[in-house]
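Undergrad: Below: sequence and its predicted model.
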Amino acid sequence: MPTRKRYWLMKSEPNTYSYADLVRAGRTSWEGVRNYQARNLLRDEVKLGDEVLFYHSSCDPPGAVGICRVVREGYPDHTAFDEASPYYDEKSDPEKPRWYMVDVEPVRALTRTVTLEELKAQAKRLGDFALIRKGNRLSVIPVSAAQWKVILALEQARSDDT
DNA sequence: GCCAACGTTGGC
DNA sequence: GCCAACGTTGGC
């Protein structure tokens, strides 16, 4: 029996790669994750068919902008082997890769950006959520089914309807 | 194994 | 551009 679909949130700086870029491309590999905790999730936990909130970071305003789906499970991030890549890591050996990535394709853009500010305002409803924990820097974050529902309900709510 | 120095993330 | 928070590195 297949395991139940899980949900994730993954951050990208829109200057580097935006949700619109993903829509244009039709599919992308989620390359360049260089953090062990996030790597472990990509390698071991993120599964085919899981759904992902595409989050724009380091922009104004930061927030969730779209949904995508995992179409390939964790496999070695080959940009780590490519000296020309900004993600090159000489310590990642093709025989024993240090970094992993998944492939995703777009599902739909959110009708509006669900901002970090709004998510923080819903902290009570969201419960423990790594995105809004103080000092959080994780770029691949687990989202529970309940949190997923809250966030998509926020999308439907008017932004002045808090 | 400790911890200071350093680099990065990411909101503001 | 600033800086707090955090992760990594490397000397000891």
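TA: Yep, that arrived.
Undergrad: Get me the contact residues on chain A for DNA strand C.
TA: For chain A, the residues in contact with DNA strand C (C-beta under 7 Å from any atom of the strand) are A:35, A:36, A:37, A:91, A:133, A:134, A:135, A:136, A:137. Heads up, the C-betas are built off the backbone N, CA and C, glycines and all.
Undergrad: rerun at 10 Å
TA: Neighbours of DNA strand C within chain A, by C-beta under 10 Å from any atom of the strand: A:34-39, A:58-60, A:89, A:91, A:98, A:133-138.
Undergrad: Show me those that map onto helices.
TA: Using DSSP state H, the subset of the residues of chain A next to DNA strand C located in helices is A:36, A:37, A:38, A:39.
Undergrad: now, which of the residues of chain A next to DNA strand C lie close to DNA strand B?
TA: Counting by C-beta under 10 Å from any atom of the strand, A:34, A:35, A:38, A:58, A:59, A:60, A:134, A:135, A:136, A:137, A:138 from the residues of chain A next to DNA strand C sit close to DNA strand B.
Undergrad: Which residue does chain A have closest to DNA strand B?
TA: Closest to DNA strand B within chain A is residue A:62: 3.6 Å, counting by C-beta to the nearest atom of the strand.
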